[in-house]
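Trainee: Build me a structure from this.
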Amino acid sequence: MGHSASYYWKGKDINTMPFSTMPFGMTTPEQYAWFYHGGGMELMKKVYKKHKVLSFPGGSTGNQMGGWFRKEINSVADLKGLKMRIPGFAGEVVSKLGVNVTNIAPGELYT
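Mentor: Prediction:
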């Protein structure tokens, strides 16, 4: 048994992406409505079955905010060269906008 966010599976199976938060994705209430009333659970079971994993919702972080920065961000140009900890697909998206993406393990953020 384990607990993880589906966006960490992107490299193994991109079809797992809709089952967790992602850029321009659903909000938590929208996602849970889809899981329980729109066929999301059935699709999730089908996607994970080929990996011999039974997946089910176990909480939601919701959409991640970008962070706190010393300089106010007013335009896409302000993102150029900005260092941001943002993993996975979201990191890929903002890197296209010029962000310097870094992935620091959560346990190392405050040490």
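
Trainee: contacting residues around stretch 34-46?
Mentor: Outside stretch 34-46, the residues that touch it by C-beta atoms under 8 Å, 6 or more residues apart in numbering are 18-19, 26, 31, 54-57. In short, each C-beta sits where N, CA and C put it, glycine included.

Trainee: please redo it, this time with the cut-off set to 7 Å
Mentor: 19, 26, 55, 57 (C-beta atoms under 7 Å, 6 or more residues apart in numbering).

Trainee: neighbours of the residue nearest to the second one when sequence neighbours are not counted, just the number please.
Mentor: Of all residues not flanking M26 in the chain, W34 sits nearest, at 6.5 Å (C-beta to C-beta, 6 or more residues apart in numbering). Burial of W34 is recorded as 17 neighbouring residues (other C-beta atoms under 10 Å).

Trainee: before we move on, which element is W34 in?
Mentor: helix 28-37 (DSSP states H and E).

Trainee: Many thanks, we can stop here.
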